[in-house]
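Novice: the following comprises the amino acid sequence and a computationally predicted model.
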Amino acid sequence: QVHLVESGGGLVQAGGSLRLSCTASGNLGVTYTMAWFRQSAEKDRELVALISRSGSITNYADSVKGRFSISRGDAKNKNTIYLQMDNLKTEDTAAYYCNVIESITQPTPLEPWGQGTQVIVSS
């Protein structure tokens, strides 16, 4: 089983930036395809961004394209991913979660959810 730990959330004004981090600890010999999700009071959990095992393929929800950037750590931290969030909007307010996903084309979350990290964007 993989243990997921997210961090980096906080309170920021609209137009500001935050950088989220997530570490997946589990099988040290495996690099996971991973993704960020978010859930708010108004919406069900939704996929925000995903990244391939090599980091060469990324994809984003339309609502965050051009504002968010997903990346992953170096070889020593290959199962750490980041989400750089710029030009934040109030509608980005949500709890953000990471997870291991089945594949780039089938982003089904596979592991128990972590505690998430809360992002609040004020107007």
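Specialist: Thanks, I have it.
Novice: now do stretch 2-9: distance to the chain's middle.
Specialist: 9 Å (CA atoms, centre = their mean, to the nearest Å).
Novice: list the buried residues in that stretch.
Specialist: Val2, Leu4, Glu6, Gly8, Gly9 (16 or more other CB atoms under 10 Å). C-beta coordinates here come from the backbone N, C-alpha and C atoms, glycine included.
Novice: now these in CSV, with secondary structure and pLDDT?
Specialist: Converted to CSV, these look like this (DSSP: H, G, I helix; E, B strand; the rest coil; pLDDT from 0 to 100):
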residue, secondary structure, pLDDT
Val2, coil, 92
Leu4, strand, 97
Glu6, strand, 98
Gly8, coil, 98
Gly9, coil, 98
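Novice: out of those, which comes closest to Thr108?
Specialist: Checking those against Thr108 with CB to CB, the nearest one is Val2 at 14.1 Å.
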